[in-house]
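Participant: Would you be able to build a 3D model of this:
(one chain, ligands or ions: 1)
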Amino acid sequence: MVNKKLTKKQLQEKQLLEDKKFRKHMIIGFSLLLMVAIVVLVFFLYWCDTKFFYRSYSLYGDEIPHNLICMNGNKLEHHESVQFIYNANVFYACSEKCKEHIFRHYDKVAFVADAFSGDTICKSDALIGLKERGKPDIVYFKNMQNLKNYYAAKQEK
Ligand SMILES: [Zn+2]
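Facilitator: As a prediction, this is how the structure comes out:
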């Protein structure tokens, strides 16, 4: 047997080496666990922020779904907005407060100028786009042609 031939000192050294290896593995294991925890935290706890950040870039130049914006604040939202009907028009708002504000100041808030043509349009019928890449501000358009013209004109600048 090989083990029996090992002296006490050699055994101790072997033990020490194994301990060292074990500690090394533990450190690697914990580091990995910590990294996984951070990734999970970023993607789940801050999922909305991550998505919001991504959308504020990726949606530039495209039509934005109505349920991602607040028609009172005229901004892209972190969370899905609520739909409601007022004067037979469908609106979206981020909160009850914003919904109320649209009710109370309907004539002012529900209508907006097309960002390209300047025509007055109702927000419920409008196409929505980002004003600038990476920023939450939104602009409204009467139709797809105006939306395309708006972004084409911005590119030329
Ligand atoms: Zn709002």
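Participant: okay, CA-based contacts and neighbour counts for the rest of this
Facilitator: Noted.
Participant: Can you tell me which helices and strands the longest helix seen in the chain packs against?
Facilitator: In the chain, with assignment by DSSP state H, the single longest helix is helix 8-40. Judged by 3 or more C-alpha pairs under 8 Å, 6 or more residues apart in numbering; DSSP states H and E, helix 8-40 has no packing partners among the helices and strands.
Participant: Who are the contact partners of whichever residue of the chain sits closest to the ion?
Facilitator: In the chain, the residue found nearest to the ion is C94; the distance is 4.1 Å by C-alpha to the ion. Neighbour list for C94: 69-70, 77, 79-82 [criterion: C-alpha atoms under 8 Å, 6 or more residues apart in numbering].
Participant: out of the residues you listed, which one sits closest to N143?
Facilitator: I69 (17.7 Å; C-alpha to C-alpha).
Participant: Surely that closest one and V82 touch.
Facilitator: No - if you go by C-alpha atoms under 8 Å, I69 and V82 don't touch, sitting 9.3 Å apart.
Participant: Which residues are in contact with each of these two?
Facilitator: Residues touching both I69 and V82 (C-alpha under 8 Å, 6+ apart): 92-94.
Participant: Show me the residues you listed that map onto strands.
Facilitator: Counted as lying in strands by DSSP state E, out of these, are 92-93.
Participant: Rebuild the shared contacts of I69 and V82 as CSV, extending it with pLDDT and distance to K131.
Facilitator: Shown next, in CSV, are the shared contacts of I69 and V82 (pLDDT from 0 to 100; distance: C-alpha to C-alpha, whole Å):
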residue, pLDDT, distance to K131
Y92, 98, 18
A93, 97, 18
C94, 96, 19
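Participant: and of the shared contacts of I69 and V82, the nearest to A153?
Facilitator: Using C-alpha to C-alpha, Y92 comes nearest to A153 of these, at 28.1 Å.
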